[in-house]
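Peer 1: One predicted model, sequence on top.
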Amino acid sequence: MSDEAFYSENEIETKDNIKISKLSGSKVEWVEEESFFFKLSKWEKKLLEYYEENPDFINPQSRKNEVISFVKSGLKDLSVSRKSITWGINVPSRKDHIIYVWLDALTNYLSALDYPNTESDKYKSFWPASVHIIGKDILRFHAVYWPAFLLAAELPLPKTVYGHGWILSNEEKMSKSKGNILDPIEIINKYGLDPLRYYLLKEVSFGNDGNISEEKLENCINSDLANNYGNLCQRVVSFNEKNCHLKIPEKIKYNNEDIEILDKFKNNYNKLEDAINKQDINFYMNFLIDMLFASNKYFNDQAPWNKKSDNIRLNTIVYVSLELIRKISVLMYPIIPDTSLKALSIFDIKEKEIKFKSLLNNEYLKNGVQIKKINILFNKIIND
């Protein structure tokens, strides 16, 4: 980083034992101890230009508005060293100064990738980062200070900084003093990791604060996971066992209803991919939940148990239903990985074989191949 990005105690004067910047036009506030400063004010205009030229740099929009408003209000030079503390990393030229934690902490993104060796495989593979996902309370450090440091060092910026909200407990921020902390380990031990992951991604609108409670978690497990996803897998496989001998049906013939529901994945593929790239988890989850309901409705409405006199139609309904389970399980994999792999084991699909692009294929399952039974994926929660 250029030396011009900083100024030291040689460029400040003392008045009543308070250090004041001597640099013309600087906006540094008075400080009560000797410090090194980063010339943050110098990068105000360049940051605003960068935000405008890179509209996806800060997400969601509410966080972007917050950052732009802060920068437009005027940036003050940033004190980046302390003399009043003894732990931390020393300023190389002045051992009595300790580097401000939010300067050395942010640079860990680069030092972990072997920087300053920009020819390192790690650096080339992972920088610039595709996205920094951070809590909204440290947004300023990642969306103002960090890009200013990188611009000063003439290094590429991360492509996106995404500021997520807080998880609230019964509408309040969790606090020890309030006694409303929900221990994630206790919840996982009681309900399982996958149900908690699913619940958080469904109920907490990504980017905003979200309220969680055990009652809502239990309702989510029963309705979405046990009744919809788990029940769909059990019903279709059980019907297949009784009527198709645990094999992928061979003689099938799609009608318009079959093609329509299978093509929903293909028709929304680009939207899903775009949503993932933009951290639009809400669209992804809503589509997944809609397809869970639609798949259960398809199996009920088609009623293959009433088609035993029409073997081709029965086979087709079973095939389509199995394909729907496969496609849904592929979408479920990033959310509930352990459970989705259990569902995909029906088709002997291993983790390394999961491909998002397979959603485009309506005939991925090979006719006549043996499938496997599975145990109940989610037990319903029944309270006394």
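Peer 2: Nice, thanks for sending it over. Numbering: from 1, shown residues only.
Peer 1: Can you pull the poorly scored residue ranges out of the chain?
Peer 2: Low-confidence segments of the chain (pLDDT under 70): 1-32, 170-171, 175-177, 180, 384.
Peer 1: longest strand in it, by residue count?
Peer 2: Longest strand in the chain, counting residues (DSSP state E): strand 94-99.
Peer 1: which residues sit against that strand?
Peer 2: Identification of contacts with strand 94-99 by C-beta atoms under 8 Å, 6 or more residues apart in numbering yields 8, 34-36, 80-83, 85-91. Using the backbone N, CA and C atoms, a C-beta is placed for each residue, glycine as well.
Peer 1: Mind checking which of those land in helices?
Peer 2: Applying DSSP state H to those, no entry is found in helices.
Peer 1: filter the residues you listed to the buried ones?
Peer 2: In the contacts of strand 94-99, burial by neighbour count holds for 8, 34-36, 80-82, 91, counting by 16 or more other C-beta atoms under 10 Å.
Peer 1: Most widely separated two among the residues you listed?
Peer 2: The most widely separated members of the buried ones among the contacts of strand 94-99, counting by C-beta to C-beta, are Ser8 and Arg82 (13.8 Å).
Peer 1: how much space between Lys159 and Asp56?
Peer 2: To Asp56, Lys159 is 7 Å away according to C-beta to C-beta, to the nearest Å.
Peer 1: Kindly report the same for Ser205.
Peer 2: Note on Ser205: its distance to Asp56, by C-beta to C-beta, is 19 Å.
Peer 1: just Ile328 next, same as before
Peer 2: From Ile328 to Asp56 the distance is 29 Å (C-beta to C-beta).
Peer 1: ok, these two, which is more surrounded?
Peer 2: Ile328 (23 against 14; other C-beta atoms under 10 Å).
Peer 1: Can you name the residues that contact the more buried one?
Peer 2: 229, 232, 288, 291-292, 295.
Peer 1: do Asn315 as well
Peer 2: By C-beta under 8 Å, 6+ apart, the residues touching Asn315 are 244, 249-252.
Peer 1: Find the nearest non-adjacent residue to it, please.
Peer 2: Leaving aside its chain neighbours, Asn315 sits nearest to Pro249 (3.5 Å; criterion: C-beta to C-beta, 6 or more residues apart in numbering).
Peer 1: Sketch out the strands for the stretch 151-300 of the chain, chain order is fine.
Peer 2: Taking DSSP state E, counting those that start in this stretch, the strands of the stretch 151-300 of the chain run over residues 161-164, 167-169, 172-173, 210-212.
Peer 1: will you turn these into JSON lines that also has mean neighbour count and distance to Asn383?
Peer 2: JSON lines is the format used below for the strands of the stretch 151-300 of the chain (neighbours: other C-beta atoms under 10 Å; distance: least, C-beta to C-beta, whole Å):
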{"stretch": "strand 161-164", "mean neighbour count": "23", "distance to Asn383": "31"}
{"stretch": "strand 167-169", "mean neighbour count": "17", "distance to Asn383": "20"}
{"stretch": "strand 172-173", "mean neighbour count": "10", "distance to Asn383": "24"}
{"stretch": "strand 210-212", "mean neighbour count": "17", "distance to Asn383": "18"}
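Peer 1: send the alpha carbons of stretch 323-331 over as PDB?
Peer 2: Provided in PDB are the C-alpha atoms of stretch 323-331 (Å, rounded to 0.1, in the frame of the first residue of the first chain):
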ATOM      1  CA  GLU A 323     -37.900 -37.700 -11.200                       C
ATOM      2  CA  LEU A 324     -39.600 -35.000  -9.100                       C
ATOM      3  CA  ILE A 325     -38.100 -36.500  -5.900                       C
ATOM      4  CA  ARG A 326     -34.700 -36.500  -7.600                       C
ATOM      5  CA  LYS A 327     -35.000 -32.900  -8.800                       C
ATOM      6  CA  ILE A 328     -36.300 -31.600  -5.400                       C
ATOM      7  CA  SER A 329     -33.500 -33.500  -3.600                       C
ATOM      8  CA  VAL A 330     -30.900 -31.800  -5.800                       C
ATOM      9  CA  LEU A 331     -32.300 -28.500  -4.900                       C
END
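Peer 1: Determine how far that stretch lies from the middle of the whole chain.
Peer 2: On the basis of C-alpha atoms, centre = their mean, to the nearest Å, stretch 323-331 sits 21 Å off its chain's mean C-alpha point.
Peer 1: Pretty sure Lys278 sits against Pro60.
Peer 2: No. Lys278 is not in contact with Pro60 according to C-beta atoms under 8 Å; the separation is 9.2 Å.
Peer 1: Got the domain ranges for the chain?
Peer 2: Annotated domains of the chain cover 3-164, 198-360 [automatic domain parsing].
Peer 1: hmm, back to that, looking at Lys278 and Pro60, which is more packed in?
Peer 2: A direct count of neighbours by other C-beta under 10 Å for Lys278 and Pro60 places Pro60 higher, at 19 against 15.
Peer 1: which residues touch the closest residue to the more buried one other than its chain neighbours?
Peer 2: Nearest residue to Pro60, sequence neighbours excluded (C-beta to C-beta, 6+ apart): Gly207, at 3.9 Å. Residues near Gly207 by C-beta under 8 Å, 6+ apart: 59-60, 62-63, 162-165, 279.
Peer 1: Now tabulate those residues in CSV and tack on distance to Glu52.
Peer 2: Formatted as CSV, those follow (distance: C-beta to C-beta, whole Å):
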residue, distance to Glu52
Asn59, 15
Pro60, 17
Ser62, 17
Arg63, 16
Tyr162, 19
Gly163, 19
His164, 24
Gly165, 25
Gln279, 21
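Peer 1: Show me which of these is closest to Tyr269.
Peer 2: Gln279 (17.9 Å).
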